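Peer 1: A predicted structure for the sequence below; I have some questions about it.
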Amino acid sequence: MKINTNYTQLKESYLFAGIAKRVKEFSESNPDASIIKMGIGDVTRPLCTAVVDAMKNAADEMGKAETFRGYGPEQGYDFLREKIKDYYAENSVELALDEVFISDGAKSDLGNILDIFDKDNTVLIPDPVYPVYVDTNIMDGRKIVFADASAENGFLPMPDDSVDADIIYICSPNNPTGAAYNREQLTEWVNYANSHSAVILYDAAYESFISDSALPKSIYEIKGAETCAIEFCSLSKTAGFTGTRCGYTIVPKALVSDGVSLNKLWLRRQTTKFNGVSYVVQKGAEAIFTAEGRKQIKENIEYYRRNAKVITDTLDSLGIWYTGGKNSPYVWMECPNNMNSWDFFDYLLKNAGVVGTPGEGFGNNGKNFFRLTAFSTYENTQEAMRRLTEMLKK
Ligand code: PLP
């Protein structure tokens with residue numbers, strides 16, 4: 001037996017373990033300190049009642065012989081796919097039902113999609129980045145090229161014609177930087193991908209946080225994207241489904257490589273290796289798209305937006321450079337006084353009792369940056385920003 005030795009090439013994930021260790025040491029030596037966590041990437045608001053009621057009804061159905069359901073379609077129930085199709089149509093994106101695949105979240109599909117691509121492909125990944133894109137490609141032994149994101153390009157790297165990439169990752173609005181591409185910028189990426197016969201893996205997990213109506217919510221709002229892009233979306237941050245697990249992936253039928261339809265390959269992959277998302281969860285997900293559900297999840301998103309505004313207002317008043325916060329729950333701030341991100345982490349913890357995420361954990365280009373999230377409570381966000389201000393004004 002031989003193992004997949006690519007796994008030995010993975011770096012240990014020190015980020016969250018490193019944070020937990022430092023917080024533990026700090027609390028042990030400062031037992032009375034009140035610590036505020038501004039680094040959480042998980043949501044804190046509960047599921048809305050429309051979702052809970054729909055899941056309760058679905059559970060009741062599952063308990064009666066007449067309405068019990070066994071295996072469902074691997075690509076998801078039509079009742080949910082129809083709702084997603086209609087959701088895209090609101091932004092003039094016309095999808096066919098069989099272009100929509102229901103998933104148990106974006107993370108699984110972002111990793112699993114690589115099954116349909118050759119391991120010899122070159123992958124272009126922004127730095128800093130959501131670590132899953134890097135690690136899943138290391139597991140397959142693919143060559144990775146990084147696209148540098150920096151303060152100069154607003155943490156939105158643009159295509160470079162001299163780089164020959166086959167698979168391109170774009171996450172917009174971005175985790176960790178909160179930056180979001182506009183139409184013109186995405187058009188450049190789509191044109192690059194089409195002219196290089198490359199595929200864009202577009203992560204739209206944070207699309208529901210876009211408040212600027214000029215920004216695209218889906219890559220398919222860009223002409224030509226249907227021949228080069230696969231889109232991944234998640235209900236995790238949109239509707240608090242991080243623990244409930246549901247998302248969707250769009251694979252257009254117009255996406256063809258060497259005469260082979262990627263939609264067909266993905267369908268074949270899913271029907272072989274995946275048995276679908278539970279009926280109860282899909283019923284809960286369907287409720288998000290009803291009038292009542294949409295109103296309720298909007299209230300939660302507004303709650304996080306208000307937190308994001310508390311953070312960005314504070315940084316504005318302190319004159320600290322940042323991206324994000326406007327169309328994203330993430331704010332990516334420059335560390336004050338040229339500090340590196342771990343030094344700033346320690347400084348903020350020691351002097352303000354506030355925990356964030358050091359940018360270095362997302363890639364080399366994050367070395368002098370720091371991620372704050374809007375997923376805490378309003379009261380804690382206000383208090384954390386009051387402490388940050390006091391600390392920096394000293
Ligand atoms: N994509 C990005 C950019 C994320 O930040 C996350 C979660 O933090 C995911 C995907 C995963 O989402 P899901 O909960 O649907 O697996």
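Peer 2: Yep, that arrived.

Peer 1: could I get the pLDDT score of L124?
Peer 2: What the model reports as pLDDT for L124 is 98.

Peer 1: so it makes contact with I170?
Peer 2: No - using Cβ atoms under 8 Å, L124 and I170 do not qualify as a contacting pair, with a distance of 9.3 Å. Where C-beta positions appear, they are placed from N, C-alpha and C, glycine not excepted.

Peer 1: and Q296, what does it touch?
Peer 2: Under the criterion of Cβ atoms under 8 Å, 6 or more residues apart in numbering, the contact list for Q296 reads C48, T49, A50, V51.

Peer 1: hmm, which of these are the buried ones?
Peer 2: For those, a burial check counting by 16 or more other Cβ atoms under 10 Å picks out C48, A50, V51.

Peer 1: what about the closest residue to F375 other than its chain neighbours, how many residues nearby?
Peer 2: Residue nearest to F375 in three dimensions, not counting chain neighbours: I40, with 5.0 Å by Cβ to Cβ, 6 or more residues apart in numbering. Burial measure for I40: 15 neighbouring residues, criterion other Cβ atoms under 10 Å.

Peer 1: pretty sure I40 contacts R371?
Peer 2: No - the pair I40 and R371 does not pass the contact test of Cβ under 8 Å, sitting 10.5 Å apart.

Peer 1: where along the protein do the helices fall?
Peer 2: 14-29, 49-62, 78-89, 106-112, 131-140, 183-195, 236-239, 262-273, 279-288, 291-318, 341-352, 378-393 (DSSP state H).

Peer 1: quick one: list the elements packing against the fifth one.
Peer 2: Under the contact criterion of 3 or more Cβ pairs under 8 Å, 6 or more residues apart in numbering; DSSP states H and E, helix 131-140 touches helix 106-112, strand 122-127, strand 143-148.

Peer 1: any idea how far the nearest residue to G72 once chain neighbours are set aside lies from V132?
Peer 2: If the residues on either side of it in the chain are set aside, G72 comes closest to G276, at 4.6 Å by Cβ to Cβ, 6+ apart. As judged by Cβ to Cβ, to the nearest Å, G276 and V132 stand 22 Å apart.

Peer 1: ok, A291 next?
Peer 2: From A291 across to V132, the span is 34 Å (Cβ to Cβ).

Peer 1: higher neighbour count, the two?
Peer 2: Remark: of A291 and V132, V132 carries more neighbours, 17 against 8, as counted by other Cβ under 10 Å.

Peer 1: pretty sure that one sits against D109.
Peer 2: No - between V132 and D109 there is no contact, the gap being 10.6 Å when judged by Cβ under 8 Å.

Peer 1: I figured N327 hits A214, correct?
Peer 2: No - counting by Cβ under 8 Å, A214 is not a contact partner of N327; they are 10.3 Å apart.

Peer 1: need the residues of this protein near the ligand, please.
Peer 2: If contact is defined as Cβ under 6 Å from any ligand atom, the residues of the chain in contact with the ligand are 41, 105-107, 130, 171, 175, 203, 205, 234, 236, 242, 247.
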